[in-house]
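Q: Return a 3D structure for these sequence lines:
(one chain, ligands or ions: 2)
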Amino acid sequence: MTSIRKPVIFCDFDGTITITDNIVAIMKHFKPQGYEEIMEDTIKQRISLREGVGAMFALIPSSQREEIISFVLDYAGIRAGFQQFLHYLNKEDIEFYVTSGGMDFFINPLLQPFEIPQDHIYCNGADFSGEYIKITWPNPCLPPCENGCGMCKTTVIRNFPEDTYLRILIGDSLTDFEGAKIADLVYSRSWLTTKCEELGVNHVPFETFHDIINDLQQKQEQGVL
Ligand code: MG
Ligand code: ZN
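A: Ligands and ions are numbered 1, 2, ... in the order given. Below you'll find the model as predicted:
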């Protein structure tokens, strides 16, 4: 049966578009005093992502802004096939959104070569006007989500009703799992693959964006997309 729903893609940034997680990398590189404990509490889900990420960045002086940006630009690699993937989506007229728990000050410069419209990038902000970095949250959780996501992926996804859209999520970790549960199709790697296996959420593992192009092409040929 041919789907009449319009495919739309929600793609994570850290560890998905980039090869590794930039927030973790920033913390491990700049080592602000006290970050380890907060990171541990965040990973173990003893505090919300929003609390954890906000508290870790609040340990870093705003004066380090340029240093952090140049560190991330040097450090972060883009996953193979991303440019080709965007071309493919463009050709097939498939809508694409970046949904990231990261911050605009490193996401925007890293995505700049790919010319993704700004209103297709959902992420957090950062305010460098005070002594320490203050993370801002322009896309908070709306009911029914009460996870304290920071940038709430399920809230973004819910803006695209499931009777109109075939909702495709691409991701790798903790922040993607709630979205994965409500998406129609999930491309997963790393932790998200393990978690989907454990809890029986339907998923397609991937390593590069070429894998995703191939799978989407197959689904188009089979008429399921
Ligand atoms: Mg990620
Ligand atoms: Zn949320």
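
Q: which parts of the chain sit against ligand 2?
A: In this structure, the chain approaches ligand 2 at residues 141, 145, 147, 149, 152, judged by CB under 5 Å from the ion. Every C-beta, even on glycine, is put in place using the N, C-alpha and C of the backbone.

Q: Surely the first one and Met151 touch.
A: No - contact criterion CB atoms under 8 Å: Cys141 and Met151 do not qualify, at 9.3 Å.

Q: Those two: which has the busier surroundings?
A: A side-by-side neighbour count of Cys141 and Met151, using other CB atoms under 10 Å, places Met151 first with 26 against 20.

Q: ok, now which ones touch that one?
A: Each residue near Met151 by CB atoms under 8 Å, 6 or more residues apart in numbering is listed here: 99-101, 122-124, 137, 139, 175.

Q: at 6 Å what do you get?
A: With contact set as CB atoms under 6 Å, 6 or more residues apart in numbering, Met151 has these partners: 101, 123-124, 139.

Q: give me the element it is part of.
A: Counting by DSSP states H and E, Met151 is held by no secondary-structure element, helix or strand.

Q: likewise the one 3 residues further on?
A: Using DSSP H and E, the secondary-structure element containing Thr154 is helix 153-158.

Q: Outside of that helix itself, which residues are in contact with it?
A: When contacts are defined by CB under 6 Å, 6+ apart, helix 153-158 is touched by residues 10, 99, 122, 141-142, 145, 167, 178-179.

Q: And stretch 133-150, by the same measure?
A: Applying CB under 6 Å, 6+ apart, the contact partners of stretch 133-150 are 48-50, 53-54, 57, 60, 62, 101, 122, 124-127, 151-152, 154-155.

Q: switch to 7 Å and redo it
A: Outside stretch 133-150, the residues that touch it by CB atoms under 7 Å, 6 or more residues apart in numbering are 48-51, 53-54, 57-58, 60, 62, 101, 103, 122, 124-127, 151-152, 154-156, 175, 178.

Q: cool, and stretch 206-225?
A: In this structure, residues lying in contact with stretch 206-225 by CB under 7 Å, 6+ apart are 2-3, 7, 79-82, 84-85, 88, 166, 170, 187, 189, 204.
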